[in-house]
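Undergrad: Mind folding the following:
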Amino acid sequence: MRIHPDGLGFTLLLGALAGLPALSIDMSLPALPEIRSALGADAAAATATLSMFLLGFGTAQLVIGPVSDRIGRRPVLTVALLLYVIGGLASGFAPSIATLLAARCLQGAGAAGGTVLAFAIIRDLFEADAARARLSTVSLVFSLAPVIAPTLGGAVLMALGWRGIFIFQLLTGVALAVVALLGLPETRRDLPPPPFLAILGERRTIAFGIVGALNLGNVFCVVAGAPMLLLGPNGVSTPVFGAVFALITAGVLAGAWINRAAVHFRWSAVWPMGIGLGGAALGALGGLLAGGARLASIAMLVPIFLLATLSRGLVSPNVTHAALERIPAMAGAGSALIGAMQMLTGACAGVVVGIMFDRYGPDGLMMTMAGFAVPAFLAWVYVERNYR
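TA: Model (predicted):
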């Protein structure tokens, strides 16, 4: 039975597909210390499991998007979810850190299908403010994943160990594959397929993709750095970390809700993007100054992290809409390009955070956040002046 595009079930399905990366990453955060111990890895190798997931996620999009523009969304999504399930199975039974890194890369490649095709499907079916509103609604749904995932991951960790987390994820992939096959219609528009690399000539898409990538880099600094900071020097327990991280990631949910209200009142996208990017930059710079003064504490870190995640909720739907708005024939390729840019930037952020944290501690995390948040704001100012 097909799910109608205007129904709640359709939004929930797209939100769940788009939320696969957040579920896959954030569920594993409480397990990083245990993975380090069990597989004999250092901090950089443990955080590299996140980066390898994003590496697979980012690179696979470059194939998934253009191929879906040619043969359709449904068959590509089916193959992608199969890869996700296989990657989750291999992660759950990985005997070494090297095997786990490879398995996480494969799992990330599978998760790419859910995110790329969720956004492409929205572009297939909706235009203008309707598309922006639907993107915000889907963002609300998939923003729940990072809110509940750390707590859920902590519960699974205590009950089944770190391997149980990946088994849970593969079962989630199986469930989504069944629902998508039974309920998701084919939405690809019957338009002449563009040349495979034509998307690289879309300067507006690339410009907004850069803004989104830098913004996600700042957020991923929080994702990769918070477990090492909150579970390490500050001595927070795993259950408490899950609750604190759920609060932090709720900023994405709040930002998406505010953005949806902005669409309802017909506010220009300039406002949520400017507020989000500017607030994240100020928060990162404030954290850097406070950290340098040795004033860093959980009470100070949580608001700074919240500014970063709130920014993501405000920025992401608008960046996606602006990047895809004028390329209906290349919705899959455009979604893939901006997604790849964002995830590869996130992968780099994870590596840099691990290195900087090992060398400088909390100060290293704040320096890395500022290194992404400030350029993101400056890039947005340039893009608004030249490509809007």
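
Undergrad: pLDDT weak spots in the stretch 1-150 of the chain?
TA: 1, 43, 128-129, 146 (pLDDT under 70).

Undergrad: Helices of the stretch 51-200 of the chain, start to end?
TA: Assigned helices in the stretch 51-200 of the chain, in chain order: 73-92, 97-125, 128-142, 144-160, 162-183 (criterion: DSSP state H, counting those that start in this stretch).

Undergrad: Dump the ones you listed into a markdown table; add mean neighbour count as well.
TA: Any C-beta I mention is one placed from the backbone N, CA and C, and that applies to glycine too. Formatted as a markdown table, these follow (neighbours: other Cβ atoms under 10 Å):
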| stretch | mean neighbour count |
| --- | --- |
| helix 73-92 | 21 |
| helix 97-125 | 25 |
| helix 128-142 | 21 |
| helix 144-160 | 21 |
| helix 162-183 | 18 |
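
Undergrad: Tabulate these in CSV, adding columns for distance to Ile327.
TA: Shown next, in CSV, are these (distance: least, Cβ to Cβ, whole Å):
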stretch, distance to Ile327
helix 73-92, 16
helix 97-125, 8
helix 128-142, 12
helix 144-160, 27
helix 162-183, 24
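
Undergrad: how deep is Asp190 tucked in, by neighbour count?
TA: Neighbours of Asp190 under the rule other Cβ atoms under 10 Å: 4.

Undergrad: Looking at it now. What's its pLDDT?
TA: Looking at Asp190, its pLDDT reads 73.

Undergrad: Contacts only, for it.
TA: With Cβ atoms under 8 Å, 6 or more residues apart in numbering as the criterion, no residue contacts Asp190.

Undergrad: measure stretch 229-247 end to end?
TA: With Cα to Cα, to the nearest Å as the measure, stretch 229-247 spans 16 Å from end to end.

Undergrad: sorry, back to before: among the helices of the stretch 51-200 of the chain, which is nearest Ala373?
TA: helix 144-160 (18.2 Å; Cβ to Cβ).

Undergrad: elements contacting whichever helix or strand Ala207 is part of?
TA: Using DSSP states H and E, the secondary-structure element containing Ala207 is helix 203-230. Applying 3 or more Cβ pairs under 8 Å, 6 or more residues apart in numbering; DSSP states H and E, one finds that helix 203-230 contacts helix 32-39, helix 43-71, helix 238-264, helix 270-292, helix 298-324, helix 331-360, helix 362-386.

Undergrad: Figure out which of those helices is closest to Gln169.
TA: That would be, of the helices and strands packed on helix 203-230 and by Cβ to Cβ, helix 43-71, which comes in at 10.7 Å.

Undergrad: Check the burial of the spatially closest residue to Leu125 that is not a sequence neighbour by counting its neighbours.
TA: Among residues not flanking Leu125 along the chain, Pro5 sits closest, at 5.2 Å (Cβ to Cβ, 6 or more residues apart in numbering). Neighbourhood size, Pro5 [other Cβ under 10 Å]: 18.

Undergrad: Over to Pro5: give its phi and psi.
TA: Per-residue torsions, Pro5: phi -60, psi -20 (degrees, to the nearest 10).

Undergrad: any idea how far it lies from Asp124?
TA: 9 Å (Cβ to Cβ, to the nearest Å).

Undergrad: what does Gly242 give?
TA: Gly242 is 37 Å from Asp124, by Cβ to Cβ.

Undergrad: wait, what's in contact with the residue nearest to Ala149 when sequence neighbours are not counted?
TA: Nearest residue to Ala149, sequence neighbours excluded (Cβ to Cβ, 6+ apart): Asp26, at 3.6 Å. By Cβ under 8 Å, 6+ apart, the residues touching Asp26 are 145-146, 149-150, 153, 223, 245, 249.

Undergrad: Between the residues you listed, which sits nearest Pro75?
TA: Closest to Pro75, out of all of the contacts of Asp26 and judged by Cβ to Cβ, is Ala145, at 25.1 Å.

Undergrad: hang on, isn't that closest one packed against Ala111?
TA: No - Ala145 is not in contact with Ala111 according to Cβ atoms under 8 Å; the separation is 11.1 Å.

Undergrad: With that, I have no additional questions.
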